[in-house]
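> For reference, the sequence and a predicted model appear below.
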Amino acid sequence: MAKEVRVRYAPSPTGYLHIGGARTALFNYLYAKHHNGKFIVRIEDTDIERNVEGGEASQLDNLKWLGIEYDESIDIGGPYAPYRQMERLDIYKEHAEKLLELGVAYKCFCSSEKLEASREEQKARGVAAPTYDGTCRHLSAEEVAAKEAAGEPYTIRMRVPENVTYEFEDLVRGQVSFESKDIGDWVIVKANGIPTYNYAVVLDDHFMEISHVFRGEEHLSNTPKQMMIFDAFDWEYPSFGHMTLIINENRKKLSKRDESIIQFITQYKDLGYLPEAMFNFFALLGWSPEGEEEIFSKEEFIKIFDEKRLSKSPSMFDKQKLTWMNNQYIKKLSLEEVVSLSLPHLQKAGLLPAELTAQEHAWATDLIALYHDQMSFGAEIVELSSLFFNDHIEYDDEAKAVLAGEQVPEVMAAFKAQLEGLEEFTPDAVKAAIKAVQKETGHKGKNLFMPIRVVTTGETHGPELPNAICLIGKEKTIDRVGRFAQ
């Protein structure tokens with residue numbers, strides 16, 4: 001019987017859910033669900049000093065928002081609890097003692113000052129990647145006991161085997177190998193008793209029966225260290241797959257300090273991006289389906305996901321593609337849904353009151369409807385609709401060129417008269433008024449419509465003109481036309 005597929009996403013609460021973490025979680029989720037397996041979220045919170053308030057909640061809440069549902073975690077439990085590393089310290093301590101008994105680990109009493117001096121000395125000799133010099137590797141049992149009796153603090157280090165090649169078949173990269181001579185004895189338990197990442201992660205993966213590990217390529221060099229722990233206990237390795245880097249549009253590695261790209265999922269949520277679109281976009285960030293189609297539902301992704309199609313090349317975070325994709329999803333929403341998505345942004349910007357009357361809500365609905373097909377994300381409505389909230393219009397060069405036409409004064413005088421004579425101010429009535437101006441002046445096409453658009457809206461391009469004019473309102477429109485005619 002085939003082993004159940006069990007994968008995990010194991011974030012540290014030292015920060016909020018960001019692009020890289022979301023993609024890692026998503027690929028693990030898709031792999032698990034494609035194979036009818038389990039997706040586990042485990043919190044690696046041992047870096048106590050760097051943990052941030054709200055980091056844990058950000059990971060879980062934003063995964064749920066994206067539609068990445070997990071089967072086991074700190075909030076819903078599961079058969080392998082606890083799912084926080086700081087609640088599993090007794091497991092790490094017990095097994096560290098076993099490694100000491102086996103002789104594959106040892107206590108190291110070197111001070112941070114001595115370790116730093118050794119690193120600097122190695123660098124001075126031209127060593128590119130300094131390793132531990134092995135000072136405590138050969139301490140006798142009596143020497144260790146004496147140092148402990150004297151109260152000297154110690155770490156526990158793994159005794160790296162000599163002349164061993166660590167090889168594995170990476171699910172993304174193919175055959176990968178590392179030489180033990182390049183690693184150096186490494187710390188598995190810090191002086192404060194807290195386990196290091198490469199040690200704790202192995203125990204967690206083993207006891208939670210993780211079958212496959214998909215993670216970012218920055219973890220590739222960690223793999224041989226983890227394989228040492230598996231070997232020491234004679235445990236089976238999971239299958240490893242290391243996904244390529246995410247790069248920006250300048251083909252530079254995406255950094256959390258890169259301000260050209262929005263980094264955190266909650267920021268996209270706050271801007272009015274849709275979780276379904278984000279799910280779709282992340283699924284194509286380093287993975288490709290067969291064919292040219294790019295819009296898929298979650299259920300379709302689960303059905304077609306194949307780890308063999310994970311990219312071996314860096315994945316570019318294309319901001320334009322994300323906004324295009326989100327626009328495709330917004331177009332499919334009902335008007336009511338688009339209003340719910342974008343109205344709060346108009347209110348937050350102070351353009352509309354927090355509490356709307358029925359008349360104000362109807363006006364806002366008509367306004368948002370103008371931009372339904374154009375909008376790429378909810379917050380964009382503020383910029384798109386600015387013409388309806390500006391009391392003073394400043395014309396750009398393109399607008400000024402339109403207004404310089406010799407026919408413009410005649411067109412605008414006739415249009416003002418038509419507006420003032422309207423009893424009903426509806427799109428149809430405004431359309432009829434523009435038609436009457438055409439008949440009266442003989443001007444048509446761009447010579448007719450462009451001056452009216454520029455004077456009433458301040459823009460040379462925009463939504464359906466009669467609809468826009470009606471939303472601006474009769475009084476405000478006549479005022480704008482009148483100011484130009486003066």
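Cool, got the structure. Numbering: from 1, shown residues only.
> Which parts of the stretch 101-250 of the chain are helices?
Listed from the start of the chain, the stretch 101-250 of the chain has helices (DSSP state H, counting those that start in this stretch) covering 112-124, 141-149, 197-207, 223-232.
> mind checking which of the ones you listed is nearest Tyr371?
Among these, helix 197-207 comes nearest to Tyr371, with 47.3 Å by Cβ to Cβ. Glycine gets a C-beta too; all of them are placed from N, C-alpha and C.
> Quick check: which ranges of the protein have low pLDDT?
In the predicted model, the chain carries pLDDT under 70 at residues 1-2, 485-486.
> Can I get the helices of the stretch 101-250 of the chain in CSV including distance to Phe449 and mean neighbour count?
Compiled in CSV, the helices of the stretch 101-250 of the chain are given as follows (distance: least, Cβ to Cβ, whole Å; neighbours: other Cβ atoms under 10 Å):
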stretch, distance to Phe449, mean neighbour count
helix 112-124, 71, 12
helix 141-149, 89, 12
helix 197-207, 65, 21
helix 223-232, 65, 20
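> could these be laid out in CSV, adding distance to Gln85?
Putting these into CSV (distance: least, Cβ to Cβ, whole Å) gives the following:
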stretch, distance to Gln85
helix 112-124, 23
helix 141-149, 26
helix 197-207, 6
helix 223-232, 15
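> Identify whichever of those lies nearest to Lys298.
helix 197-207 (26.3 Å).
> Could you report the separation of Glu307 from Pro275?
24 Å (Cβ to Cβ, to the nearest Å).
> can you tell me which of the helices of the stretch 101-250 of the chain comes nearest to Asp47?
Put simply, out of these the one that sits nearest Asp47 is helix 197-207, at 8.3 Å, with distance taken as Cβ to Cβ.
> for the closest one, packing partners?
Under the contact definition 3 or more Cβ pairs under 8 Å, 6 or more residues apart in numbering; DSSP states H and E, helix 197-207 sits against helix 89-102, strand 186-189, helix 223-232.
> what's near enough to touch the nearest residue to Cys110 once chain neighbours are set aside?
For Cys110, the nearest residue in space outside its immediate sequence neighbours is Thr135; the separation is 5.6 Å by Cβ to Cβ, 6 or more residues apart in numbering. Residues near Thr135 by Cβ atoms under 8 Å, 6 or more residues apart in numbering: 108, 110, 114, 118.
> Now for the second one: which residues touch it?
Right, Cys110. Contact analysis of Cys110 by Cβ under 8 Å, 6+ apart lists 118, 132, 135-136.
> Kindly report the same for the first one.
When contacts are counted by Cβ under 8 Å, 6+ apart, Cys108 touches 132, 135-136, 154-157, 185, 187.
> Among those, which pair sits farthest apart?
Between any two of these, the greatest separation by Cβ to Cβ is 14.6 Å, found for Thr135 and Ile156.
> is it true that Met278 touches Leu66?
Yes: here Met278 lies in contact with Leu66, judged by Cβ atoms under 8 Å, at a distance of 5.8 Å.
> on that earlier part again, max pairwise distance over the contacts of Cys110: which two?
Counting by Cβ to Cβ, the most remote pair of the contacts of Cys110 is Ser118 and Cys136, 11.8 Å apart.
> count of neighbours near Asn447?
Burial measure for Asn447: 17 neighbouring residues, criterion other Cβ atoms under 10 Å.
> Grab the nearest non-local neighbour of it.
Gln407 is the one closest to Asn447 (Cβ to Cβ, 6+ apart), at 5.4 Å.
> which ones are touching the spatially closest residue to Asn198 that is not a sequence neighbour?
Among residues not flanking Asn198 along the chain, Lys225 sits closest, at 4.4 Å (Cβ to Cβ, 6+ apart). For Lys225, the residues meeting the contact criterion (Cβ under 8 Å, 6+ apart) are 158, 183, 186, 198.
> how many other residues sit next to the closest residue to the third one other than its chain neighbours?
When the adjacent residues along the chain are set aside, Trp186 lies closest to Met158, with 5.4 Å between them (Cβ to Cβ, 6+ apart). Neighbourhood size, Met158 [other Cβ under 10 Å]: 23.
> ok, Cys470 - contacts?
By Cβ under 8 Å, 6+ apart, the contact set of Cys470 is 366, 425-427, 430.
> Can you name the next helix or strand after the helix or strand hosting Trp324?
In this assignment (DSSP states H and E), Trp324 forms part of helix 319-331. Reading on from helix 319-331 to the C-terminus, the next helix or strand found by DSSP H and E is helix 335-348.
> what separates the closest residue to Leu274 other than its chain neighbours from Ile295, distance-wise?
Taking Cβ to Cβ, 6+ apart, and ignoring the residues beside it in sequence, Leu274 has Tyr329 as its nearest neighbour in space, at 4.8 Å. Summarising the geometry, the distance separating Tyr329 from Ile295, computed by Cβ to Cβ, is 8 Å.
> for Ile247, same thing?
Ile247 sits 23 Å away from Ile295, going by Cβ to Cβ.
> Check Glu209 too.
Where Ile295 is concerned, Glu209 sits at a distance of 36 Å (Cβ to Cβ).
> tell me the phi and psi of the residue nearest to Asn447?
phi -80, psi -10 (degrees, to the nearest 10).
> How about the contacts made by it?
441, 443, 447, 451.
> among those residues, who's most crowded?
For those, the largest neighbour count, defined by other Cβ under 10 Å, is 26 neighbours, found at Pro451.
> Looks to me like Ala414 is in a helix.
Yes: per DSSP: H, G, I helix; E, B strand; the rest coil, Ala414 lies within a helix segment.
> Contacts only, for the closest residue in space to it that isn't next to it in sequence.
Counting by Cβ to Cβ, 6+ apart, the nearest residue to Ala414 once its immediate chain neighbours are dropped is Val437, at 4.5 Å. Under the criterion of Cβ under 8 Å, 6+ apart, the neighbours of Val437 are 411, 414-415, 418, 443, 448, 452.
> and what of Ile246?
Counting by Cβ under 8 Å, 6+ apart, the residues that Ile246 touches are 19-20, 23, 253-254, 285-286, 314-317.
> Residues in a beta bridge with it, which ones?
Note on Ile246: beta-bridge partners by DSSP bridges are Ser315.
> now it: how far from Glu259?
When Cβ to Cβ is applied, the distance between Ile246 and Glu259 equals 16 Å.
> How about Gly151?
Applying Cβ to Cβ, one obtains 48 Å for the distance of Gly151 from Glu259.
> cool, and Lys253?
Counting by Cβ to Cβ, the gap between Lys253 and Glu259 amounts to 15 Å.
> The two - which one has more neighbours?
With neighbours defined as other Cβ under 10 Å, Lys253 and Glu259 compare such that Lys253 has more, 11 against 8.
> correct me, but the more buried one touches Thr244?
No: distance between Lys253 and Thr244: 10.5 Å, which falls outside the contact criterion (Cβ under 8 Å).
> So for stretch 396-414, what gets flagged as buried?
Counting neighbours by 16 or more other Cβ atoms under 10 Å, one finds that the buried residues in stretch 396-414 are 399, 402, 408, 410-414.
> now it: how far from the chain's centre is it?
Computed by Cα atoms, centre = their mean, to the nearest Å, the chain-centroid distance of stretch 396-414 equals 46 Å.
> Endpoint to endpoint, that stretch covers what distance?
End-to-end distance for stretch 396-414, by Cα to Cα, to the nearest Å: 24 Å.
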